[in-house]
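[1] could you look at this predicted model? Sequence included:
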Amino acid sequence: MLYPVVQEVVTAAIAWRNLSLRRMLVVARKEFYHIFRDLRILFLVTVAPAFLLVMLSYVFALDVERVYLGVQNLDHTPLSRAFASHVAAEPDFELVTWLDPGEDTDPLFVRGVVDMVLVIPPGFAARVLEGGPAPVQCVVDGVDGLAASRMIGLLESRVAAFTGERVSSRARLAGTPAADGEAFEVSDRAWYNEALKSLVSMVPGLLAVVLSMPALALALALAREKETGSFEGLIVTPVRGSEYLTGKLVTYVVSGLASTVLAWLVATLWFRVPFRGDLAALLLLTAGYLFASMGISMLVASFARNQQTAMFLVLMVFFIPSFFLSGLIRPVTDEPIGRAVAHILPSTHFIFISRGVFLKGLGLPALQGSALGLVAIGVACLAISLRLFDKKIP
């Protein structure tokens, strides 16, 4: 099954042996001229990735930045007030109102005054001092189910912290470990993203999506030449297919690297994502991703007769699978077919690379497996594209 692909790669290698550097640079210079002359293409290959990164990052910002909290204290004891103050001391919570006993919470949710109401029942302090369970009620605005679940998770973490502090203090006063299964206290820590902010994880991952814009621009450029008729004029020139495709590839990879720098600035300066790696290593690995994605876009453009078709096919290949199959939002599935499809996508490899460089500070040795995967995808797609291109030029 792999034999046809290997044959195409060998054929492409033979074609590239006779590649003229001068003619390739002429094609690249011509393509740079077209890019700078057409502001739409210039925006697409340089500014669009950074612009899309800002937009998509806010769309996928799943963190709850601030919870407006109301407290209905029906216990009226120092311990219940200390519990409410402990919850409100968290930066994510802002105590906006104290509710009177019997006051209806619905008008506060309707007017948007609060996101959550914490109800402390009568007998709360007595149950805590007795060592028994002391339940509290949490009333949350469930219009946004995802935000509501995150607010509940934040409250549960504050309740657990309050319980842990009381267990520890009681054990210290007694001089013995806490009883009834309370002698164990779990201490958790998340490496590389200690606050577990979704933007810290999503922004580096979204680079794989937004950096598909230069590949889209390349597919549109190839389709445009078919539509305008300038492609036919190429047939009578001495430019070979390998020189033509390589010249265009070099142009859009260089433009893509310029857009990578802009996107990196947005990620580090605007979203404050920690960058623990080396920028030169990131750019080198990004060049591999651009090479792979543009190899696919060249292959797509071989079958597209117009720019609309090319745009549709590229978006279908890059955008939808990158969001749902490549590990951006959910881990890559363990199902064999789905996992195989995921590893064919360049975005799957680059999401791992980008997050590794940004958050873990990984270098080339640790990421060489994903880098080689990108190179293999790019070589295979470019070789097939060259073979298809040669069939159209006598």
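    Looks like it came in fine.
[2] every contact and neighbour count from this point should use C-alpha atoms.
    OK.
[3] please, where are all the helices along the stretch 151-300 of the chain?
    198-210, 213-228, 230-235, 241-265, 279-303 (DSSP state H, counting those that start in this stretch).
[4] how far does stretch 193-203 stretch from one end to the other?
    Here the two ends of stretch 193-203 are set 13 Å apart, with distance taken as C-alpha to C-alpha, to the nearest Å.
[5] thinking again about what came up before, got JSON lines for the helices of the stretch 151-300 of the chain, with distance to residue 52, mean pLDDT and mean neighbour count too?
    JSON lines is the format used below for the helices of the stretch 151-300 of the chain (distance: least, C-alpha to C-alpha, whole Å; pLDDT from 0 to 100; neighbours: other C-alpha atoms under 10 Å):
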{"stretch": "helix 198-210", "distance to residue 52": "6", "mean pLDDT": "90", "mean neighbour count": "25"}
{"stretch": "helix 213-228", "distance to residue 52": "9", "mean pLDDT": "86", "mean neighbour count": "23"}
{"stretch": "helix 230-235", "distance to residue 52": "31", "mean pLDDT": "61", "mean neighbour count": "13"}
{"stretch": "helix 241-265", "distance to residue 52": "9", "mean pLDDT": "90", "mean neighbour count": "22"}
{"stretch": "helix 279-303", "distance to residue 52": "17", "mean pLDDT": "93", "mean neighbour count": "23"}
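[6] contact partners of stretch 208-216?
    44-46, 48-50, 52-53, 252-253, 255-256, 259-260, 290, 293-294, 297, 311, 314-315, 318-319, 322-323, 347, 350-351, 354 (C-alpha atoms under 8 Å, 6 or more residues apart in numbering).
[7] thinking again about what came up before, including distance to residue 89, could the helices of the stretch 151-300 of the chain go into CSV?
    Putting those into CSV (distance: least, C-alpha to C-alpha, whole Å) gives the following:
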stretch, distance to residue 89
helix 198-210, 22
helix 213-228, 44
helix 230-235, 67
helix 241-265, 34
helix 279-303, 39
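[8] nearest to residue 100, of the ones you listed?
    Minimum separation from residue 100 across the helices of the stretch 151-300 of the chain (C-alpha to C-alpha) falls at helix 198-210, 36.3 Å.
[9] now the angle between helix 279-303 and that closest one, please.
    40 degrees (axes from the mean of the first three to the mean of the last three C-alpha atoms, to 10 degrees).
[10] okay, strands next: where are they in this protein?
    For the chain, the strands defined by DSSP state E occupy 67-73, 93-98, 116-120, 137-140.
[11] out of those, flag the one nearest residue 377.
    Of all the strands of the chain, strand 67-73 comes closest under C-alpha to C-alpha, at 45.7 Å.
[12] neighbouring strands - and their directions - for that closest one?
    strand 93-98 (parallel), strand 116-120 (parallel) (DSSP bridges).
[13] pLDDT weak spots in the stretch 251-394 of the chain?
    390-394 (pLDDT under 70).
[14] one more pass at 90, please.
    300-342, 382-394 (pLDDT under 90).
[15] then the stretch 101-250 of the chain?
    101-116, 118-202, 220-248.
[16] ok, now with 70
    132, 144-146, 164-190, 195-196, 229-239.
[17] which residues are in contact with the closest residue to residue 67 other than its chain neighbours?
    Distance criterion C-alpha to C-alpha, 6 or more residues apart in numbering; nearest residue to residue 67, sequence neighbours excluded, is residue 93 at 4.7 Å. For residue 93, the contacting residues are 66, 67, 68, 69, 87, by C-alpha under 8 Å, 6+ apart.
[18] dump those into JSON lines; add distance to residue 57, neighbour count and pLDDT as well.
    Putting the contacts of residue 93 into JSON lines (distance: C-alpha to C-alpha, whole Å; neighbours: other C-alpha atoms under 10 Å; pLDDT from 0 to 100) gives the following:
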{"residue": "66", "distance to residue 57": "18", "neighbour count": "13", "pLDDT": "81"}
{"residue": "67", "distance to residue 57": "21", "neighbour count": "22", "pLDDT": "86"}
{"residue": "68", "distance to residue 57": "23", "neighbour count": "17", "pLDDT": "88"}
{"residue": "69", "distance to residue 57": "26", "neighbour count": "22", "pLDDT": "90"}
{"residue": "87", "distance to residue 57": "29", "neighbour count": "23", "pLDDT": "85"}
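[19] ok, which pair from these is furthest apart?
    Among those, 66 and 87 lie farthest apart (C-alpha to C-alpha), at 12.8 Å.
[20] before we move on, back to that, what's the most buried one of the strands paired with strand 67-73?
    strand 116-120 (a mean of 22; mean count of other C-alpha atoms under 10 Å).
[21] run the chain-centre distance for it.
    35 Å (C-alpha atoms, centre = their mean, to the nearest Å).
[22] what does that strand contact?
    Against strand 116-120 from outside (C-alpha under 8 Å, 6+ apart): 67-75, 80, 105, 135-141, 151.
[23] make a ChimeraX selection of the buried ones in those.
    Burial among those is assessed by 16 or more other C-alpha atoms under 10 Å; the matching ChimeraX selection reads:
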select :67,68,69,70,71,72,73,74,75,80,105,139,140,141,151
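[24] what's the closest of the strands paired with strand 67-73 to residue 205?
    From those, taking C-alpha to C-alpha, the stretch that ends up closest is strand 93-98, at 28.4 Å.
[25] pull the closest one out as CSV, backbone CA atoms only.
    The C-alpha trace of strand 93-98 is given here as CSV (Å, rounded to 0.1, in the frame of the first residue of the first chain):
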residue,chain,number,x,y,z
PHE,A,93,-15.3,35.2,44.2
GLU,A,94,-16.7,38.7,44.9
LEU,A,95,-19.2,39.0,47.7
VAL,A,96,-21.8,41.4,46.5
THR,A,97,-24.7,41.0,48.9
TRP,A,98,-25.9,39.4,52.1
